[in-house]
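Okay, sequence plus prediction incoming.
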Amino acid sequence: MSTTLLGRRVLNDERADRSNERAQSRDVRTLVPAPSEAQLVRLWEGQRFPAQALVSGDTSLLRVVFRGRPCSGGAGPDFRDAIIELRGRRLRGDVELHVLASAFRRHGHHHDHAYDNVILHVVFWDDDGEKTCLATGRRVPVVALGPWVARRAEELQAWLCRPPLWQEPCWSANRRLGTEAVTVILDGEGDRRFREKADTFAAALIEEDGEEILYRGILEALGYSQNRELFRLLARALPWRQLRSCIRGHPPQERVLAAESALLGKAGFAGPLAGDPGALPSWAADRNGVESLGLPWRLAGIRPGNHPARRLAGAARLLVRYLGKGLLTGLLEKAAEASEERPQVLTTALRVDAGLIGPRRADEMAVNVVLPFALAWAEARQDKPLAQAALTLYQRYPKLSPYGILRRLTAALGQELTAGVRRQQGMLRLFHRCCRQGECNRCPLA
């Protein structure tokens with residue numbers, strides 16, 4: 001027999017074996033009722049199954065160090081920031097769950113870069129028989145619970161009914177520690193987060209001009225998470241001293257237009273928007289006599305109201321508002337005025353009409369930029385009244401709009417314990433330091 005014919009026979013035999021395996025798998029599936037995808041998510045979330053049920057396609061046993069953070073609603077994987085050990089390697093990333101492995105392709109996830117960080121595909125039945133391919137071309141292991149359950153079908157309902165074998169300590173914190181202790185922890189974490197922001201500003205003030213730092217902080221806050229770094233680069237490329245000089249060279253009635261032109265041109269957007277503040281510009285480089293940076297703006301999935309061009313139009317109006325007194329003096333005066341239990345004064349000072357900077361974003365800028373900057377500035381000049389005013393206003397500031405990433409922690413602790421921005425900031429610190437890292441054992445609520 002020739003080598004070619006022998007190779008074809010081996011290939012045909014392998015295909016026949018795989019076909020038989022799939023047929024046997026289909027036969028088993030008719031005998032074992034599969035859970036719904038929601039039930040599968042519950043099984044993974046509570047880790048309601050023994051470790052020996054987790055075997056990858058190459059029969060390697062997998063160990064779950066941290067099952068990841070549940071992601072409710074929106075596109076993307078079911079669990080984020082999971083930690084697993086497979087064949088002696090520790091992997092950190094996302095976990096996606098389906099009843100059938102083929103659902104990953106049917107749902108179009110293999111073309112969706114939101115799933116690029118997936119490290120494990122957990123399914124009930126592996127009807128593909130191979131690793132799951134991501135949009136990047138990387139392949140990730142598949143763990144199927146079905147074959148193990150097929151031998152213990154009667155245990156499935158027991159898994160779903162039993163209490164979770166593991167749960168985040170925050171869910172029992174009120175019972176174990178008491179409400180008062182939990183509030184003290186949240187307030188303390190919130191104060192630490194505020195102090196960390198103030199210390200960052202204090203370090204910058206040693207080497208840079210205060211107005212420049214405040215200007216950069218405001219632009220970064222307008223960038224949201226998707227474009228924050230790009231707004232920071234824009235602020236450095238077009239510093240406040242240069243922009244202020246440009247604006248002052250125009251008559252008062254033309255200054256908003258000049259500020260818009262400079263910011264939008266440097267950012268690479270067509271503009272300005274003064275004639276129609278509700279419009280969204282198109283891409284254009286060097287349209288306003290300013291050399292464009294050609295920044296790779298992330299626009300996919302952004303609501304029209306949060307388009308970076310609209311935020312820059314809002315920044316132009318806000319900066320022109322404080323051109324006379326100066327950005328630093330004008331906003332610090334508002335912070336001092338607002339300290340008398342009137343946080344709305346500072347919110348109003350940062351708002352821009354036509355939805356360019358709404359109250360929610362103004363509150364974010366006040367809490368995350370203006371107030372920690374004011375504390376750093378006051379302490380550097382030993383201005384105790386201003387320092388106390390900034391700290392007091394922060395601690396009394398109303399709770400900001402809900403953060404999606406805190407939904408689960410809020411549910412665990414209860415709405416009544418998470419009132420006020422101070423505790424909300426404390427929860428954010430816990431989320432980034434513990435929840436997101438899978439470090440529940442290090443959490444002060446543990």
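Right, received. Where do you want to start? Numbers count the residues shown, from 1 in each chain.

Now do the buried residues in stretch 153-162.
Residues of stretch 153-162 classed as buried by neighbour count (16 or more other C-beta atoms under 10 Å): 156, 159. In this view, the C-beta of every residue, glycine as well, is placed from N, C-alpha and C.

do stretch 376-395 as well
Neighbour counts over stretch 376-395 (16+ other C-beta under 10 Å) mark 376-379, 383, 386-387, 389-391, 393-395 as buried.

Could you export these to JSON lines, including columns for pLDDT and distance to residue 346?
Converted to JSON lines, the buried residues of stretch 376-395 look like this (pLDDT from 0 to 100; distance: C-beta to C-beta, whole Å):
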{"residue": "376", "pLDDT": "97", "distance to residue 346": "16"}
{"residue": "377", "pLDDT": "97", "distance to residue 346": "15"}
{"residue": "378", "pLDDT": "96", "distance to residue 346": "15"}
{"residue": "379", "pLDDT": "96", "distance to residue 346": "19"}
{"residue": "383", "pLDDT": "94", "distance to residue 346": "17"}
{"residue": "386", "pLDDT": "92", "distance to residue 346": "13"}
{"residue": "387", "pLDDT": "94", "distance to residue 346": "16"}
{"residue": "389", "pLDDT": "91", "distance to residue 346": "11"}
{"residue": "390", "pLDDT": "93", "distance to residue 346": "10"}
{"residue": "391", "pLDDT": "93", "distance to residue 346": "14"}
{"residue": "393", "pLDDT": "92", "distance to residue 346": "7"}
{"residue": "394", "pLDDT": "94", "distance to residue 346": "10"}
{"residue": "395", "pLDDT": "92", "distance to residue 346": "14"}
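
any chance of the residues you listed in JSON lines, with secondary structure and distance to residue 146 too?
As requested, the buried residues of stretch 376-395 are arranged in JSON lines below (DSSP: H, G, I helix; E, B strand; the rest coil; distance: C-beta to C-beta, whole Å):
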{"residue": "376", "secondary structure": "helix", "distance to residue 146": "57"}
{"residue": "377", "secondary structure": "helix", "distance to residue 146": "61"}
{"residue": "378", "secondary structure": "helix", "distance to residue 146": "63"}
{"residue": "379", "secondary structure": "helix", "distance to residue 146": "61"}
{"residue": "383", "secondary structure": "coil", "distance to residue 146": "67"}
{"residue": "386", "secondary structure": "helix", "distance to residue 146": "64"}
{"residue": "387", "secondary structure": "helix", "distance to residue 146": "62"}
{"residue": "389", "secondary structure": "helix", "distance to residue 146": "62"}
{"residue": "390", "secondary structure": "helix", "distance to residue 146": "58"}
{"residue": "391", "secondary structure": "helix", "distance to residue 146": "57"}
{"residue": "393", "secondary structure": "helix", "distance to residue 146": "57"}
{"residue": "394", "secondary structure": "helix", "distance to residue 146": "53"}
{"residue": "395", "secondary structure": "helix", "distance to residue 146": "53"}
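
Closest to residue 72 out of those residues?
Among the buried residues of stretch 376-395, residue 394 lies closest to residue 72 (C-beta to C-beta), at 29.9 Å.

how about the nearest residue to residue 112 once chain neighbours are set aside, phi and psi?
Leaving aside its chain neighbours, residue 112 sits nearest to residue 135 (6.1 Å; criterion: C-beta to C-beta, 6 or more residues apart in numbering). For residue 135, the backbone dihedrals (degrees, to the nearest 10) come out as phi -60, psi -30.

next one: residue 142
phi -110, psi 130.

Count the residues that sit near it.
As a burial measure, residue 142 scores 21 neighbours (other C-beta atoms under 10 Å).

what are the bridge partners for it, then?
residue 121 (DSSP bridges).

and the gap between it and residue 347?
50 Å (C-beta to C-beta, to the nearest Å).

Closest one to residue 437 out of the buried residues of stretch 376-395, please.
The closest of the buried residues of stretch 376-395, once distances to residue 437 are taken by C-beta to C-beta, is residue 394, at 25.6 Å.

Please list all residues in contact with that closest one.
Residues near residue 394 by C-beta atoms under 8 Å, 6 or more residues apart in numbering: 194, 367, 371, 372, 375, 421, 422.

so of the residues you listed, which ones are in helices?
Counting by DSSP state H, the contacts of residue 394 place 194, 371, 372, 375, 421, 422 in helices.

Go through the buried residues of stretch 376-395 and say which is closest to residue 328.
Nearest to residue 328 out of those is residue 377 (C-beta to C-beta; 7.5 Å).

Surely the closest one touches residue 210?
Yes - using C-beta atoms under 8 Å, residue 377 is in contact with residue 210, at 6.1 Å.

list residues touching both of the two?
residue 328.

picking that back up, could I get the buried residues of stretch 376-395 in CSV, plus columns for distance to residue 111?
Below are the buried residues of stretch 376-395 laid out as CSV (distance: C-beta to C-beta, whole Å):
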residue, distance to residue 111
376, 46
377, 49
378, 52
379, 52
383, 56
386, 54
387, 53
389, 53
390, 48
391, 50
393, 48
394, 45
395, 48
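
Residue 181: which of those is nearest?
Nearest to residue 181 among the buried residues of stretch 376-395, with distances taken as C-beta to C-beta, is residue 395, at 18.6 Å.

Roughly how far does the residue lying closest to that closest one once chain neighbours are set aside sit from residue 319?
Nearest-residue entry for residue 395: residue 422, 5.1 Å, with adjacent residues in sequence omitted and distances by C-beta to C-beta, 6+ apart. As judged by C-beta to C-beta, residue 422 and residue 319 stand 29 Å apart.
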